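[1] Got a predicted structure here, sequence first:
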Amino acid sequence: MATTKWSIDPTHSEIGFKVKHMMFTNVSGKFGTYEATITTEGDDFENAPIEFSGDIASIDTGNNDRDNHLRSGDFFDAENHPKLTFKGSSFKKINDGEYELTGDLNIRGISKTVTFPVEFSGILTDPWGNTKVALSIEGKINRKDWGLNWNSALETGGVLVGEEVKLNIELQFAKQA
């Protein structure tokens with residue numbers, strides 16, 4: 001069977017995250033620059049290798065001071081670790097439209113195996129004749145598992161930045177010729 005390469009369509013994709021701020025509200029952010037590919041046997045996505053990388057310098061939370069702090073050694077350390085990467089090891093069909101993605105997430109040089117639920121929207125042809133596929137991934141990680149430990153205690157109790165990071169990822173891929 002022929003191997004099919006799928007490349008990310010960045011104009012229809014978003015790599016987003018949310019973290020609790022001051023223990024009661026969420027601050028959202030996203031990666032502006034990233035790459036992702038999938039390689040399938042024909043159009044069968046079961047166990048298809050999925051790879052992703054995001055440029056730490058492209059983190060955008062809508063606040064330049066906060067973005068610079070996230071890029072610093074207190075958090076992602078962009079100078080020494082310019083990319084966050086994910087390399088999938090398993091993409092398993094649970095039932096129609098529902099998959100489970102497992103792979104190694106590398107942040108700050110620390111690699112951990114993670115598993116996320118994935119909504120697979122199927123394959124379609126867009127109005128310009130391009131074959132597309134869409135994936136929605138939602139999950140949670142603990143930032144401290146990757147050495148993103150910085151925090152500040154609040155006078156009223158609690159901390160400034162939550163440990164749990166919620167991921168909200170919308171990916172659209174185009175079939176390559």
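    Yep, that arrived. Residues are numbered from 1 along each chain as shown.

[2] mind listing the helices for the protein?
    Taking DSSP state H as the criterion, the chain carries its helices at 64-71.

[3] Just give the number of residues close to residue 107.
    Residue 107: 23 surrounding residues under other C-beta atoms under 10 Å. (C-beta placed from N, C-alpha, C; glycine too.)

[4] show me where pLDDT drops low in the chain?
    1 (pLDDT under 70).

[5] Now do the strands in it.
    Applying DSSP state E to the chain gives strands spanning 3-8, 14-21, 25-31, 34-41, 50-55, 59-60, 83-95, 98-107, 110-125, 131-142, 161-175.

[6] any chance of those strands in TSV, plus distance to residue 148?
    What follows is these, written out as TSV (distance: least, C-beta to C-beta, whole Å):
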stretch	distance to residue 148
strand 3-8	25
strand 14-21	10
strand 25-31	13
strand 34-41	18
strand 50-55	14
strand 59-60	12
strand 83-95	11
strand 98-107	7
strand 110-125	9
strand 131-142	9
strand 161-175	8
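
[7] among these, which is nearest residue 66?
    Smallest distance to residue 66 across the strands of the chain (C-beta to C-beta): 7.5 Å, for strand 25-31.

[8] and that closest one, which strands flank it?
    Paired neighbours of strand 25-31 in the sheet (DSSP bridges): strand 14-21 (antiparallel), strand 59-60 (antiparallel).

[9] so which of these is the most packed in?
    A comparison of the strands paired with strand 25-31 by mean neighbour count, using mean count of other C-beta atoms under 10 Å, puts strand 59-60 on top with a mean of 20.

[10] closest to residue 46 out of the strands paired with strand 25-31?
    Proximity to residue 46 (C-beta to C-beta) singles out strand 14-21 among the strands paired with strand 25-31, at 23.6 Å.

[11] tilt between the closest one and strand 3-8?
    50 degrees (axes from the mean of the first three to the mean of the last three C-alpha atoms, to 10 degrees).

[12] CA atoms of strand 14-21 as PDB?
    This file holds the C-alpha atoms of strand 14-21, laid out as PDB (Å, rounded to 0.1, in the frame of the first residue of the first chain):
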ATOM      1  CA  GLU A  14      -4.300  26.300  16.400                       C
ATOM      2  CA  ILE A  15      -2.100  25.000  19.200                       C
ATOM      3  CA  GLY A  16      -3.600  26.500  22.400                       C
ATOM      4  CA  PHE A  17      -3.200  26.100  26.100                       C
ATOM      5  CA  LYS A  18      -4.700  27.500  29.400                       C
ATOM      6  CA  VAL A  19      -3.300  27.800  32.900                       C
ATOM      7  CA  LYS A  20      -4.900  29.000  36.100                       C
ATOM      8  CA  HIS A  21      -3.800  32.400  37.200                       C
END
